[in-house]
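Engineer: Coordinates only, no sequence provided:
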Ligand code: BMA
């Protein structure tokens, strides 16, 4: 009897344990990852940098977008750039007021779209303290200033500029904290710092720091933002496209499976006649990207791409679509429509029809097809 009672009590305890055990609520970032995974089954999302701020024929109107003005729908993904926030500037390096960036991030979230953020922080060693670009000639002091090849080392713990960079990271953190709705809901963000590190045009580029220093840089920023409570960031690691990319090459500075959620590539076509090379290189790179992403349980994406000034009027359907066709990537994002250098469509340009055909293709996803 006593034995029976013991068994009954033990059984009840086990039952109580299993029924009361609750799964922890998924974080905002985990929820975005789940959404990205399921959207990937539907198609490839289209993204555009700085989409709601300015276009080729307008600037700072409300509810405008060159993409929407061409095809009637917003991009599924909008890219936003935070370069300048580290200085405490009011406007980004691309002249967008940070208050407007906060507004448009929230607008895109509320309409059911997805947000990705890049950051081209100035060079903390060569930049003039507190002085913006005053008196400095481009690229002096900018992210593209590679005159000092030991910047990363100098901002890591123990480095001469470590404290200065901590202030810069704090300013970034303070801005990210503004990305929430009125009821305090944090906006999910794909965050893509220290990108294109396989090239050497940014101060964090390949020839400017060792593998260990690069990883320490990644970890320093990630640890800081995690300590500040940002569980709404999906971390995207995005080197550049390369000729004959290999898995080893793609991963040679990879911060690790516990630190990365998305694996991206950035790759451009610079001249009209080079579409075939873009397709071939793109397919080769995407093959490796998708394979590695699968093995490491990462979400693959073409995190930046485009043809400079869209000088081929059929580019969207003759080049971009065949490049990505058949690859299970989450999204592709074309860079901003700046008057001197643009990558998106515009109603005022001859590629508008090709873009509408691209929009109508069943593989591409725009806002209306992803909004819940
Ligand atoms: C580059 C160019 C620059 C811009 C930077 C950050 O590719 O578009 O003009 O400042 O991105 O957005």
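Structural biologist: Yes, it's here. Everything numeric here is computed off the predicted structure, so don't read it as measured data.

Engineer: Residue 123: how many residues sit nearby?
Structural biologist: 23 (other Cβ atoms under 10 Å). (Glycine included, C-beta is placed from N, CA and C.)

Engineer: cool, residue 161 as well?
Structural biologist: Counted with other Cβ under 10 Å, the neighbours of residue 161 add up to 18.

Engineer: Tell me how many other residues surround the residue of the chain found nearest the ligand.
Structural biologist: The ligand sits closest to residue 81 of the chain, with a gap of 4.2 Å, by Cβ to the nearest ligand atom. Residues contacting residue 81 under the criterion other Cβ under 10 Å number 20.

Engineer: Okay, it and residue 116: tell me how far apart.
Structural biologist: The gap separating residue 81 from residue 116 is 10 Å, by Cβ to Cβ, to the nearest Å.

Engineer: Determine the number of other residues adjacent to the residue lying closest to the residue of the chain closest to the ligand once chain neighbours are set aside.
Structural biologist: Once flanking residues are discounted, residue 81 sits nearest to residue 118: 5.2 Å by Cβ to Cβ, 6 or more residues apart in numbering. Residue 118 has 24 neighbouring residues, counting by other Cβ under 10 Å.

Engineer: and what of residue 183?
Structural biologist: Taking other Cβ under 10 Å as the criterion, the count of residues near residue 183 is 5.

Engineer: low-confidence ranges in the stretch 101-250 of the chain?
Structural biologist: Residues of the stretch 101-250 of the chain that meet the criterion pLDDT under 70 lie in 130-132.

Engineer: so where do the strands sit in it?
Structural biologist: 114-118, 189-192, 233-237 (DSSP state E, counting those that start in this stretch).

Engineer: Including distance to residue 105, could these go into TSV?
Structural biologist: Formatted as TSV, those follow (distance: least, Cβ to Cβ, whole Å):
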stretch	distance to residue 105
strand 114-118	5
strand 189-192	8
strand 233-237	13
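
Engineer: Buried deepest among those strands, which one?
Structural biologist: Highest mean neighbour count among the strands of the stretch 101-250 of the chain (mean count of other Cβ atoms under 10 Å): strand 189-192, with a mean of 26.

Engineer: which strands and helices sit next to it?
Structural biologist: For strand 189-192, the helices and strands in contact under the criterion 3 or more Cβ pairs under 8 Å, 6 or more residues apart in numbering; DSSP states H and E are strand 114-118, strand 233-237, strand 262-269.

Engineer: Tell me which of those sits nearest to residue 133.
Structural biologist: strand 114-118 (19.0 Å; Cβ to Cβ).

Engineer: Tell me what angle the helix ranked longest in the chain forms with strand 262-269.
Structural biologist: Secondary structure of the chain per DSSP state H: the longest helix is helix 275-295. Using axes from the mean of the first three to the mean of the last three Cα atoms, to 10 degrees, the direction of helix 275-295 lies 170 degrees away from that of strand 262-269.

Engineer: how far is helix 275-295 from where the chain is centred?
Structural biologist: Distance of helix 275-295 from its chain centroid, counting by Cα atoms, centre = their mean, to the nearest Å, is 18 Å.

Engineer: And for stretch 188-205?
Structural biologist: When C-alpha coordinates are averaged (Cα atoms, centre = their mean), stretch 188-205 and its chain have centres 9 Å apart.
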